[in-house]
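Chemist: return atomic coordinates for the entry below.
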Amino acid sequence: MRPGPRNLITDVAGLRVGSASEGALRSGVSVVTGDAPFTASVSVMGGAPGTRETDLLAPDKTAPGVDALVLSGGSAFGLAAAQGVMEALHERGRGFPVLSARVPLVPAAILFDLLNGGDKDWGVNPYPALGRAALEAASEDVVLGSQGAGAGAQTAMHKGGLGSASLVLEGGVTVGALVATNPMGSVTTPSGRHFWAAPFEVDEEFGGLGSDPARGLQPQPASRKVAAMAGQGNTTIAVVATDAVMDKAQCHRLAVAAQDGIGRAVVPAHSPMDGDLVFGAATGRVPLEEPALQLSAIGHAASLCLSRAIARAVWEATPAPGDTLPTLRQELGLA
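Modeler: Alright, predicted model coming up:
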């Protein structure tokens, strides 16, 4: 397995990603959309999720595909980003046909970034406009770090951000991940100088810092995030996608497998105060000749991509005036 040409989720042919954020708000929105509706499901393992239309993604529900998936900051306010995306898609003639009507299907998940120092004293909810702007910006290029849904993200010790990664499997199937990294836990080991995801790094994509040489169980330092934000402001939300032909039940298993990627890259993960959620998506362009074997490999690749994307999000974060936490590169003297 090797990364695709961009090392981004958009290496999955037919998918595009757009992000929009506002500096003063310290928040934003990221959207995954496709040239055509795609199959999707979801796995939730955090104790405090915030979602819209995710019930539609259960394998026994009628909706055959979705037009976009939304990752947003703003806690429950951010769920309104999907409305902006939905309205813009409707204007383009997209949507699930119901007789003479068309209804765009836009499931969404949010993270909590309301206490990160940004100006949240808005008069009109800004997230519908940010959602529309993110959709309009959708392309094959994805800017990582302090962008989109990761604009105001934080980890236990450092700024979080938006991350992505991909892998191409033997046989040509492509798998990719997009993640907004905002967990209660730490993405770095207790030393603060190495990523938990280091064993899965490819080509120094998150700094080539290597694995922590310390052996055995190490105590975690006190969380800076908890101290600054009274324990509030968490969640890792992601999309993992493939170009393989998969149904909703298989997309659900893809999302479940990818949750391991969060567990390998964040310590602790899936806490009662995190809303950890992974969408699994498939564009259905590459048929599977041996589904039983290939689906396992695709799920494994998705977990690897998600771990790498989480680390890339933190590595690519950039400092801004008024930050409540440093970036990792600042801490290492590299910024």
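Chemist: C-alpha from now on. contacts and neighbour counts both.
Modeler: OK.
Chemist: quick one, helices of the stretch 101-250 of the chain?
Modeler: 127-136, 224-229, 248-265 (DSSP state H, counting those that start in this stretch).
Chemist: pull the shortest one out as CSV, backbone CA atoms only.
Modeler: This points to helix 224-229. The C-alpha coordinates for helix 224-229 follow below in CSV (Å, rounded to 0.1, in the frame of the first residue of the first chain):
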residue,chain,number,x,y,z
ARG,A,224,-3.8,21.8,28.9
LYS,A,225,-7.2,21.8,27.2
VAL,A,226,-9.1,20.7,30.3
ALA,A,227,-7.3,23.4,32.3
ALA,A,228,-8.1,26.1,29.7
MET,A,229,-11.7,25.0,28.9
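Chemist: contacts for that helix next, please.
Modeler: 115, 116, 154, 155, 156, 157, 184, 231, 232, 324, 325 (Cα atoms under 8 Å, 6 or more residues apart in numbering).
Chemist: and for the longest one?
Modeler: Applying Cα under 8 Å, 6+ apart, the contact partners of helix 248-265 are 39-43, 45, 57-59, 187, 195-197, 236, 240, 269-270, 277-282, 295, 298-300, 302-308, 310-311.
Chemist: which ones among those map onto helices?
Modeler: Counted as lying in helices by DSSP state H, out of the contacts of helix 248-265, are 295, 298-300, 302-308, 310-311.
Chemist: tell me which of the residues you listed is nearest to residue 149?
Modeler: Nearest to residue 149 among the ones in helices among the contacts of helix 248-265: residue 310, at 13.0 Å, using Cα to Cα.
Chemist: close enough to count as contact, the closest one and residue 163?
Modeler: Yes. Using Cα atoms under 8 Å, residue 310 is in contact with residue 163, at 5.7 Å.
Chemist: related to what we said a few turns ago, of the contacts of helix 224-229, buried ones?
Modeler: 115, 116, 154, 155, 156, 157, 184, 232, 324, 325 (16 or more other Cα atoms under 10 Å).
Chemist: just those residues: which has the poorest pLDDT?
Modeler: Within the set of the buried ones among the contacts of helix 224-229, pLDDT is lowest for residue 232 (60).
Chemist: appreciated, that's everything.
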